[in-house]
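Novice: Here is my input; please provide its structure:
(4 chains)
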Number of protein chains: 2
Amino acid sequence: MDALDRKILAVLQTNARASLQEVGQAVGLSSSPCWERIRKLEAAGVIEGYTVRLNAQALGLHETVLVQLTLDSHTDNTLEKFGETLAAIPEVVEAYLVSGEYDYLLRVAVKDTRDYERLLRERLYKIKGIRHSKSSFVLRTLKKADLPL
Amino acid sequence: MDALDRKILAVLQTNARASLQEVGQAVGLSSSPCWERIRKLEAAGVIEGYTVRLNAQALGLHETVLVQLTLDSHTDNTLEKFGETLAAIPEVVEAYLVSGEYDYLLRVAVKDTRDYERLLRERLYKIKGIRHSKSSFVLRTLKKADLPL
DNA sequence: GGTGAAAACGGGCGGAT
DNA sequence: ATCCGCCCGTTTTCACC
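Specialist: Residues are numbered from 1 along each chain as shown, chains lettered A, B, ... in the order given. So this is what the prediction gives:
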């Protein structure tokens, strides 16, 4: 992982479909060594995969909600079960176990507030051991950036 | 945007580098209409671009911090200036204006706690008009998923 | 670790159904 | 609107530096 690798990653972050020649040109290399480096970055697990950046609005996902959760118990078992439960809820896009006054933060993407109410009632509140929950609706997304390199 | 388009998007979410033939096979179409549909989804802005999923750990970004911020003022001007300031800080990966008891939530990716302390001192605390801030360190990432389709 | 060229592959566009 | 096939660019390999 040298400076050239980071440059390559930066290019791929902005356009993962750039041809190897474009990548090479951008970093000052020909296509073959670029390909070799990318292959190694994939093998090393630095590159986990390639995705598409989608417009949530265009897909009808008009509301994003940030949910703070506190659980009753904090055993290994609880954490694992909770993780599995969240994994099964497609609307839960991100989930973090955090330090501080609450335990978990979720980012949830839903069609509208009615959809969120249903999710809360039928999915989240059905989870055993939730002591407390607080929902904050996203009013505006100010930034959504790639990882700093 | 029909069911086929959603299927195509689902395939691209898991692997944006899948060949058109692979995508076609997965959705039950040949490559040409797939390409046509993808082109239209790009033109319509549903597909905003293609990125690479990177392993933050492997890049030396060992800490993720969720920062709650409250500002003094809430005018249009304040919001805009604040947005521009955040845009210039590469470690700020996500930033939301939210409803509730605090105003903004940031997700910040840094090398370590020392790095975060520097960011806080040299960048965030330099922002005029911050009334309050609260940092929560991510102890475990439970989920990082694509948008639900 | 880099280049450059050759072979294999897939994307991009026509015409037919 | 989907399929088929042709052509050209790109990916991937390989011998050489």
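Novice: CA atoms for contacts and neighbours, from now on please.
Specialist: Fine.
Novice: For residue A:98, give its distance to residue A:130.
Specialist: Per Cα to Cα, to the nearest Å, residue A:98 is found 15 Å from residue A:130.
Novice: Neighbour count for those two, which is higher?
Specialist: Per other Cα atoms under 10 Å in any protein chain shown, whichever of residue A:98 and residue A:130 has more neighbours is residue A:98, with 21 against 14.
Novice: Tell me, what's the model's pLDDT at the more buried one?
Specialist: Residue-level confidence at residue A:98 comes out at 98, pLDDT.
Novice: Apart from its chain neighbours, what residue comes closest to it?
Specialist: Once flanking residues are discounted, residue A:98 sits nearest to residue B:138: 4.4 Å by Cα to Cα, 6 or more residues apart in numbering or on different chains.
Novice: isn't that neighbour right up against residue A:99?
Specialist: Yes. Contact criterion Cα atoms under 8 Å: residue B:138 and residue A:99 qualify, at 6.5 Å.
Novice: of these two, who's got more company?
Specialist: Comparing residue B:138 with residue A:99 by neighbour count (other Cα under 10 Å), the higher total belongs to residue B:138, at 22 against 16.
Novice: So what does the most centrally placed residue in chain A look like in phi/psi?
Specialist: In chain A, the residue lying closest to the centroid (Cα atoms, centre = their mean) is residue A:94, at 5.2 Å. Here is the backbone geometry of residue A:94 (degrees, to the nearest 10): phi -140, psi 150.
Novice: Residue A:69 contacts residue A:104, doesn't it?
Specialist: Yes. Between residue A:69 and residue A:104 there is a contact under Cα under 8 Å: 5.0 Å.
Novice: helices or strands next to whichever strand or helix holds residue A:38 in the packing?
Specialist: Using DSSP states H and E, residue A:38 falls within helix A:31-43. Packing contacts for helix A:31-43, counted by 3 or more Cα pairs under 8 Å, 6 or more residues apart in numbering or on different chains; DSSP states H and E, involve helix A:3-14, helix A:20-27, strand A:47-54.
Novice: Can you give me the buried ones in the second one?
Specialist: Burial within helix A:20-27, assessed by neighbour count using 16 or more other Cα atoms under 10 Å in any protein chain shown, is assigned to A:20-24, A:27.
Novice: Residue in chain A with the shortest distance to DNA strand D?
Specialist: Residue of chain A nearest DNA strand D, by Cα to the nearest atom of the strand: residue A:19 (3.0 Å).
Novice: That residue and DNA strand C, how far apart?
Specialist: Per Cα to the nearest atom of the strand, to the nearest Å, residue A:19 is found 10 Å from DNA strand C.
Novice: For that residue, give its distance to chain B.
Specialist: Distance of residue A:19 to chain B, computed by Cα to the nearest Cα, to the nearest Å: 11 Å.
Novice: neighbours around that residue, how many?
Specialist: When counting by other Cα under 10 Å, one arrives at 13 neighbours for residue A:19.
Novice: And residue A:35, by the same measure?
Specialist: 17.
Novice: Do I have it right that it meets residue A:20?
Specialist: Yes. Using Cα under 8 Å, residue A:35 is in contact with residue A:20, at 6.6 Å.
Novice: Look up how far residue A:21 lies from the residue in chain A sticking out farthest from the centre.
Specialist: For chain A, the residue at maximal distance from the C-alpha centroid (Cα atoms, centre = their mean) is residue A:30, at 32.6 Å. According to Cα to Cα, residue A:30 and residue A:21 sit 7 Å apart.
Novice: Could you do residue A:132 as well?
Specialist: On the measure of Cα to Cα, residue A:132 and residue A:21 end up 53 Å apart.
Novice: In what element of secondary structure is residue A:107 found?
Specialist: Using DSSP H and E, the element containing residue A:107 is strand A:104-110.
Novice: measure stretch A:14-21 end to end?
Specialist: 15 Å.
Novice: With stretch A:87-106 instead?
Specialist: First-to-last residue span, stretch A:87-106, Cα to Cα: 11 Å.
Novice: picking up where we left off before, each with direction, which strands does the host helix or strand of the residue nearest to residue A:98 pair with?
Specialist: Assessed by DSSP H and E, residue B:138 sits inside strand B:130-144. Sheet pairing for strand B:130-144, assigned by DSSP bridges, gives strand A:92-98 (antiparallel), strand B:63-71 (antiparallel).
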